[in-house]
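Novice: Fold the following.
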Amino acid sequence: MHVTLSKGQRLLLIATGLLVTACSQKPATAPVKPVVKAEPAPVVSRPDPNAKVQTEAVERFSFDEQYQGPAEGSLASAKALFARGYVDSALRETMLGAVHNDYPMLGLRDVRLTDPVARFLTSGRAISTAQQYLRTGLEARMGAMSDARFQQIWQSLPQNGQVRHWSARIKQVMAGR
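Specialist: You can find the predicted model right below:
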């Protein structure tokens with residue numbers, strides 16, 4: 001059976017088919033663009049020359065700028081540094097304490113690890129001070145030691161070396177070598 005359609009019927013059939021396919025498809029959505037809000041330029045305020053500075057809250061709290069630790073070049077300072085294992089700093093404090101009797105104007109900034117030890121051990125009093133600092137510091141780190149053991153350590157230090165050489169030797173002593 002063969003059906004013949006008129007030109008109008010064919011057009012109606014094509015239009016109906018297009019309409020059905022168009023209604024059954026989902027509409028295409030455009031990608032969503034991020035919304036960018038324009039930020040206003042920052043307002044730069046000019047200081048008011050007649051403004052009063054509010055300092056009441058600040059003045060209530062006094063700030064103490066005093067250093068509360070042991071004095072620079074003191075036995076307590078060197079002992080604390082040795083006890084914590086800061087050998088380089090402890091030896092700088094030791095050398096400062098030793099030379100401080102002869103040259104009281106020197107400070108810790110004047111003691112460097114590259115300085116020769118002879119610069120600081122200038123007198124018998126300086127040598128005995130250095131021995132006292134060193135022994136107290138080593139005992140704080142390692143425990144009590146005999147006089148013979150300390151003399152052995154003292155003799156092993158290079159008397160004509162630099163402070164850094166002493167530091168290396170003291171680190172060996174602390175390591176048990």
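Novice: excluding its backbone neighbours, what's nearest residue 139?
Specialist: Leaving out its chain neighbours, the residue that sits closest to residue 139 by C-beta to C-beta, 6 or more residues apart in numbering is residue 145, at 6.1 Å. Where C-beta positions appear, they are placed from N, C-alpha and C, glycine not excepted.
Novice: That neighbour - that's part of a helix, no?
Specialist: No. Applying DSSP: H, G, I helix; E, B strand; the rest coil, one finds residue 145 to be coil, outside a helix.
Novice: Wait, it touches residue 137, no?
Specialist: No. Contact status for residue 145 versus residue 137: not in contact, 11.4 Å apart, counting by C-beta atoms under 8 Å.
Novice: the more surrounded of the two?
Specialist: Set side by side, residue 145 and residue 137 show more neighbours around residue 137, with 25 against 15, by other C-beta atoms under 10 Å.
Novice: Please name every helix or strand in contact with the helix or strand containing the more buried one.
Specialist: Per DSSP states H and E, residue 137 falls inside helix 124-142. Counting contacts by 3 or more C-beta pairs under 8 Å, 6 or more residues apart in numbering; DSSP states H and E, helix 124-142 packs against helix 75-84, helix 87-100, helix 147-156, helix 163-174.
Novice: Under the pLDDT cut-off, which ranges of this protein? List them.
Specialist: Where the chain drops to pLDDT under 70, the residues are 1-2, 23-30, 32, 35-36, 38, 40-41, 43-45, 47-69, 177.
Novice: now with 50?
Specialist: Counting by pLDDT under 50, the chain contains low-confidence residues at 63, 67.
Novice: spatially speaking, which residue is in the middle of it?
Specialist: Nearest to the geometric centre of the chain sits residue 86, at 16.8 Å (C-alpha atoms, centre = their mean).
Novice: okay, now residue 102: neighbour count?
Specialist: Residues near residue 102, counting by other C-beta under 10 Å: 14.
Novice: gap between it and residue 124?
Specialist: According to C-beta to C-beta, to the nearest Å, residue 102 stands 11 Å off from residue 124.
Novice: How about residue 91?
Specialist: 20 Å.
Novice: between these two, who's got more neighbours?
Specialist: residue 91 (26 against 8).
Novice: Can you give me the distance of the residue lying closest to residue 74 once chain neighbours are set aside to residue 154?
Specialist: The shortest distance from residue 74 to any non-neighbouring residue, by C-beta to C-beta, 6+ apart, is to residue 97 (6.6 Å). According to C-beta to C-beta, residue 97 and residue 154 sit 16 Å apart.
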